[in-house]
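Asker: what's the 3D shape of this:
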Amino acid sequence: MEKSVGRSGRRDEKPLEIRELPYRATPCLHSPLTQLYGKNYSMETPPKAISEAEELRVAIESHNRLYYQLDAPEVTDAEYDRLMRRLEKLEAEYPGLVTPDSPTQRVGAAPIEEFGTITHTIPMLSLKNVRNREEAVEFDAQIKRFLKLAPDADIEYAVEPKMDGLAVELIYVDGKFTKGSTRGDGITGEDITANLRTVRSIPLTLAKSDDVVLPRLLEVRGEVFIPLDRFNELNNERELAGEEPFANPRNAAAGSLRQKDPAVTAKRPLDIFCYGLGATEGITFRGQTHTYTIGYLKKLGLKTNPETKQVRNIIEALNVCTRLEEERESFGYEIDGAVVKVDTISLQEDLGEIARSPRWAVAYKFKPKEEATLLEAITLSVGRTGAITPVAELAPVEIGGVTVRHASLHNFDEIKRLDIRIGDTVVVQRAGDVIPKIIRVEKEKRPKETQKFALPTECPVCKGEVTREKAILYCSSTLTCPAQVTGSIAHFVSKRAMNIDGIGEKQIAQLLESDIIKDISDLYSLKEGILAGLDRWGELSAKNAVKAVEGSKAPELARLIYALGIRGVGETGARLIAEEFRGLEAFMALQHGSKWEEKDEERPEVQYVIKILAALSDIHGIGEEIANSVVDFFSEAHNRSVIERLLGLGVDPKVPKEAEGSLAGKVYLFTGTLTGISRDRAREMVERAGGRTVTSMSKTVDVLVAGAKAGGKLAKAEKLGIRVIDEEQFIIEMGEMNEK
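Answerer: Okay, here's the model as predicted:
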């Protein structure tokens, strides 16, 4: 039962009900019914496997809903992973089991060249803005005049937070998610189906229940966003990896959904709130309200905003708007206003729209959280990866109830773009818990004596050489720069790196302050007696720490490479490099950095650097940017000396075993579109059989797997005489190898 409110304001109890409409033989414009996919089971797929796969999909999607939407998980992560691994194994054994709505396909689509378009059946209109109570009251009066109601009549409204994210439309056919798009221009949006599949809070299959009619077609509108705490984590991760942080959550969400590679989108902490409907087939909401519709969407397993409220009149609506503005900092996501909607669906239809805005809804915009203040100085900070970041030092100013003294300038291109100078009056914006940023300069208030900010030519901490990558400057003395040393040692001893227990950040800071260590290599010279004599150290803790250091001397090569903290090289990248080069010798021999293009390319040592770069770039998952970062790291004399000392003190990394399997030593390259299996799955099959995959064409490639619309790589492979097979032949050969 759900409470409803009539125009009189009296609340009555009435059952939830939706009238089912007869099926329409002629679908609406671009109806997804014509695009409904079917199962692709082959005659060789055992019925038992089909049944088990379907049961696994239902169970996994149910656990996804409990975890990502209801925050009420019923199984451990380990149990969830077990279910997912079993489904992945089944689909690998029987490719015909793979369906677009399978949980395994959330990251399964291949990168695309460009986005297609989808025309919205019903336009996604923009909202007219009101900025104060007077304008909101006038909006209410206009509705009453249009409906010929008395000025003192009450109109029921629904009020919900106005999310600051990216508007999208999700299309479900017979309960299956089939298409998804951006709002675009309101008429046509970008087809981002593959990327939306990676958002865990978007169900791939709608929930079924006895009291809810599952429509044949349901077009759902929603807003994709990134929660503020996850946004801050994302930016921290990007800075640690040497990447430029995102300016704000909205830009991060929009950019994530427009990635050409869904695997990148899948790594972003995207979430969604669904707030309305487009076209439907098989049901009608004519006799219902917007707040009822929200409840209906929730019953289908779609995530909705719990802050949506039903009120009796515009005064109550404004009270909710005021509360939302006062509490906006507590929600954990960005909102820039509230949306006020006429609640009754039939009244919405009667009111219609004006131009490209509905008459029945309006956006109540909150006051912007920005203030003007004086820029007193620009200081430079150096992070763990050596990224040199400019920070604006401001005359204290209160923004949104918080005193702001610093603002991020992100990078040096931002200083140039805004033409920021010390002594300027700048406008600072603060959004949620995100670091405040300067959005513009009030140049009419600029003093005459101000000068442009000069780029640093050396590290502000260690005076080491500065290198530039795009808009970011880096100190190249990764292992010896004091600003980077604490972070580099903490990373080195961490569990996923060298796993040295008993030495945390506090102990590292103490050892550095006591001048007992200067870099990571000094850890291997620690003595129990020296440690036991320090404050907060005892004989047992000193003994355990030295024992842990000693026990880390024989790490896997991949662990050591990861522990070195090379910019952009994570655990996966470290493993790929270790498997490819099987030692540090190639890099330790480098005497020139990646600035080889400025030198004589005919010289043997420069050719050697070029060769290393090419080999690194050809490893799937590495690429040119990380390859340059690796070469830069090993070309820095300070870094090489630290590593040489590590090796001299007994650190002896274990080299990965040679690849085993029927494809050992074979190199595969995939091109074009694969339809029966994802690229990630295909690469996994090759690697499990001992082979290796690359992303660029060269003479080292043994087999090219050409999917639909294969282009230049296919032509080049034929020219080089490389074996070419299609997707069907690839699956057959992989199956034969598994049998062997």
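Asker: Skipping adjacent residues, who's closest to residue 468 in space?
Answerer: With sequence-adjacent residues excluded and distances taken as C-beta to C-beta, 6 or more residues apart in numbering, residue 468 is closest to residue 474, at 7.5 Å. C-beta here means a position set from N, CA and C on the backbone, and glycine is covered the same way.
Asker: Tell me the bridge partners for the one you found.
Answerer: Here residue 474 sits in beta bridges with residue 387, residue 467, going by DSSP bridges.
Asker: I figured it was touching residue 384, is that so?
Answerer: No. Between residue 474 and residue 384 there is no contact under C-beta atoms under 8 Å: 11.3 Å.
Asker: who has more neighbours, these two?
Answerer: residue 474 (24 against 21; other C-beta atoms under 10 Å).
Asker: what's near enough to touch the more buried one?
Answerer: Residues counted as contacts of residue 474 (C-beta atoms under 8 Å, 6 or more residues apart in numbering) are 242, 385-388, 466-468, 567.
Asker: Assign the residue nearest the centre of the chain to helix, strand or coil.
Answerer: Nearest to the geometric centre of the chain sits residue 268, at 1.3 Å (C-alpha atoms, centre = their mean). Here residue 268 is recorded as coil under DSSP: H, G, I helix; E, B strand; the rest coil.
Asker: What segments of the stretch 151-300 of the chain are strands?
Answerer: For the stretch 151-300 of the chain, applying DSSP state E, counting those that start in this stretch gives strands covering 157-163, 166-173, 176-182, 188-190, 217-225, 271-281, 283-284.
Asker: In JSON lines: the ones you listed, plus mean pLDDT and distance to residue 666.
Answerer: Below are the strands of the stretch 151-300 of the chain laid out as JSON lines (pLDDT from 0 to 100; distance: least, C-beta to C-beta, whole Å):
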{"stretch": "strand 157-163", "mean pLDDT": "96", "distance to residue 666": "49"}
{"stretch": "strand 166-173", "mean pLDDT": "95", "distance to residue 666": "41"}
{"stretch": "strand 176-182", "mean pLDDT": "94", "distance to residue 666": "37"}
{"stretch": "strand 188-190", "mean pLDDT": "89", "distance to residue 666": "38"}
{"stretch": "strand 217-225", "mean pLDDT": "96", "distance to residue 666": "41"}
{"stretch": "strand 271-281", "mean pLDDT": "94", "distance to residue 666": "41"}
{"stretch": "strand 283-284", "mean pLDDT": "82", "distance to residue 666": "54"}
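Asker: With residue 707 as the reference, name the closest of those.
Answerer: Minimum separation from residue 707 across those (C-beta to C-beta) falls at strand 176-182, 21.5 Å.
Asker: can you pull up the bridge partners for residue 437?
Answerer: So, taking DSSP bridges as the rule, residue 437 has residue 408, residue 429 as bridge partners.
Asker: I'd guessed residue 562 sits against residue 570; true?
Answerer: Yes. Look at residue 562 against residue 570 with C-beta under 8 Å: they come within range, at 7.0 Å.
Asker: low-confidence ranges in the stretch 401-550 of the chain?
Answerer: Residue ranges of the stretch 401-550 of the chain with pLDDT under 70: 401-402, 431-435.
Asker: Helices of that one, residue ranges please.
Answerer: Remark: helices assigned in the stretch 401-550 of the chain by DSSP state H, counting those that start in this stretch are 412-418, 482-493, 505-513, 528-532, 539-551.
Asker: Can you point out the buried residues in the fourth one?
Answerer: Judged by neighbour count using 16 or more other C-beta atoms under 10 Å, the buried positions of helix 528-532 are 528, 531-532.
Asker: Same list, the helices of the stretch 401-550 of the chain, but as a markdown table with distance to residue 98 please.
Answerer: Converted to a markdown table, those look like this (distance: least, C-beta to C-beta, whole Å):
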| stretch | distance to residue 98 |
| --- | --- |
| helix 412-418 | 44 |
| helix 482-493 | 38 |
| helix 505-513 | 45 |
| helix 528-532 | 56 |
| helix 539-551 | 44 |
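Asker: tell me the most buried of those?
Answerer: Highest mean neighbour count of the helices of the stretch 401-550 of the chain: helix 482-493, a mean of 21 (counted as mean count of other C-beta atoms under 10 Å).
Asker: Now the helix or strand hosting residue 719: buried residues?
Answerer: Assigning secondary structure by DSSP states H and E places residue 719 in helix 712-720. Residues of helix 712-720 classed as buried by neighbour count (16+ other C-beta under 10 Å): 713-714, 716-717.
Asker: Also stretch 335-342?
Answerer: For stretch 335-342, by 16+ other C-beta under 10 Å, it's 335-342.
Asker: do stretch 309-317 as well
Answerer: Result for stretch 309-317 [16+ other C-beta under 10 Å]: buried residues 309-314, 316-317.
Asker: And for stretch 169-179?
Answerer: In stretch 169-179, counting by 16+ other C-beta under 10 Å, buried: 169-179.
Asker: Reformat those into TSV and put distance to residue 358 next to each item.
Answerer: Listed next are those as TSV, based on distance: C-beta to C-beta, whole Å:
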residue	distance to residue 358
169	16
170	20
171	21
172	23
173	26
174	29
175	28
176	29
177	26
178	26
179	24
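Asker: Distance-wise, check the residue of the chain positioned farthest from its centre relative to residue 138.
Answerer: In the chain, residue 150 marks the outermost C-alpha relative to the chain mean, sitting 50.6 Å out by C-alpha atoms, centre = their mean. Between residue 150 and residue 138 the distance, using C-beta to C-beta, to the nearest Å, works out to 16 Å.
Asker: try residue 442
Answerer: On the measure of C-beta to C-beta, residue 442 and residue 138 end up 33 Å apart.
Asker: One more: residue 555?
Answerer: 70 Å.
Asker: Residue 215 now?
Answerer: To residue 138, residue 215 is 37 Å away according to C-beta to C-beta.
Asker: Tell me which of these two has more neighbours.
Answerer: Neighbour totals were compared for residue 215 and residue 138, and residue 215 leads with 24 against 14 (other C-beta under 10 Å).
Asker: Pretty sure the more buried one sits against residue 279.
Answerer: No. Counting by C-beta under 8 Å, residue 215 stays clear of residue 279, with 9.9 Å between them.
Asker: picking that back up, which SSE is immediately downstream of the helix holding residue 719?
Answerer: For helix 712-720, the succeeding helix or strand toward the C-terminus, using DSSP H and E, is strand 723-726.
Asker: Compute the number of surrounding residues for residue 299.
Answerer: What residue 299 shows, counting by other C-beta under 10 Å, is a neighbour count of 14.
Asker: Just give the closest residue to it, not the sequence neighbours.
Answerer: In space, residue 299 is closest to residue 212, 4.8 Å off (C-beta to C-beta, 6+ apart).
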